[in-house]
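Participant: have a look; sequence and predicted model below, questions after that.
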Amino acid sequence: QVQVEESGGGLVQAGGSLRLSCTASGLTDDDYAMSWFRQAPGKERETISCINMRNGGSIDYGGSMRGRFTISKDNAKHTLTLQMNSLKPEDTAMYYCAADVDSLCYEYSYWGQGTQVTVSS
């Protein structure tokens, strides 16, 4: 059984940093991709970045987050990390991670419950 769990959200002042973590348990090898998403109230879900857990190749979906958010992985711990710097109030959202067992960064079979990030001005 695969479980995905995010952690590290919280309240931070504008200009500050947060580091989110996501752990995928139950995946027995590195042949999958994981992505970070976010969704603010009343807005559509945004894809932040995707990384191939085997070869480290990543896709940065950019936009307003480019240059401020960095995705990384730790295969030994089956962990995905999102380092968020220079946070802005508009980064306030629920942040999710998900696993794509086809490694295509396209269809995600396993989702976490999300972790809330709130940035105060």
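Facilitator: Thanks, I have it. It should be emphasised that the depicted structure is a prediction, and the values quoted were computed from it without experimental measurement.
Participant: what residues are up against the residue nearest in space to the middle of the chain?
Facilitator: Against the mean C-alpha coordinate of the chain, by CA atoms, centre = their mean, the closest residue is W36 at 2.5 Å. Residues near W36 by CB atoms under 8 Å, 6 or more residues apart in numbering: 20, 22, 47-50, 69, 71, 80, 82, 95-97. Backbone N, C-alpha and C define where each C-beta goes, glycine included.
Participant: could you do L11 as well?
Facilitator: For L11, the contacting residues are T118, V119, S120, by CB under 8 Å, 6+ apart.
Participant: kindly report the same for T118.
Facilitator: When contacts are counted by CB under 8 Å, 6+ apart, T118 touches G10, L11, V12, T92.
Participant: now secondary structure and distance to D102 too, for these, in TSV please.
Facilitator: Below are the contacts of T118 laid out as TSV (DSSP: H, G, I helix; E, B strand; the rest coil; distance: CB to CB, whole Å):
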residue	secondary structure	distance to D102
G10	strand	33
L11	strand	36
V12	strand	34
T92	coil	32
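Participant: give me the contacts around the least confident helix or strand in the chain by mean pLDDT.
Facilitator: Across the helices and strands of the chain, mean confidence by mean pLDDT, DSSP states H and E is lowest for strand 58-60: a mean of 83. Contact with strand 58-60 is made by S49, C50, I51, N52, R66, I71, C105, as judged by CB under 8 Å, 6+ apart.
Participant: within the sheet, what are the partner strands of it, with directions?
Facilitator: The pairing partners recorded for strand 58-60 under DSSP bridges are strand 46-52 (antiparallel).
Participant: pull the residues that contact the strand it pairs with.
Facilitator: Here strand 46-52 makes contact (CB under 8 Å, 6+ apart) with 33-39, 57-61, 63, 65, 69, 71-73, 80, 82, 93, 95, 100, 103, 105.
Participant: out of those, which are buried?
Facilitator: When the contacts of strand 46-52 are checked for burial by 16 or more other CB atoms under 10 Å, the buried set is 33-38, 58, 60-61, 65, 69, 71, 73, 80, 82, 93, 95, 100, 103, 105.
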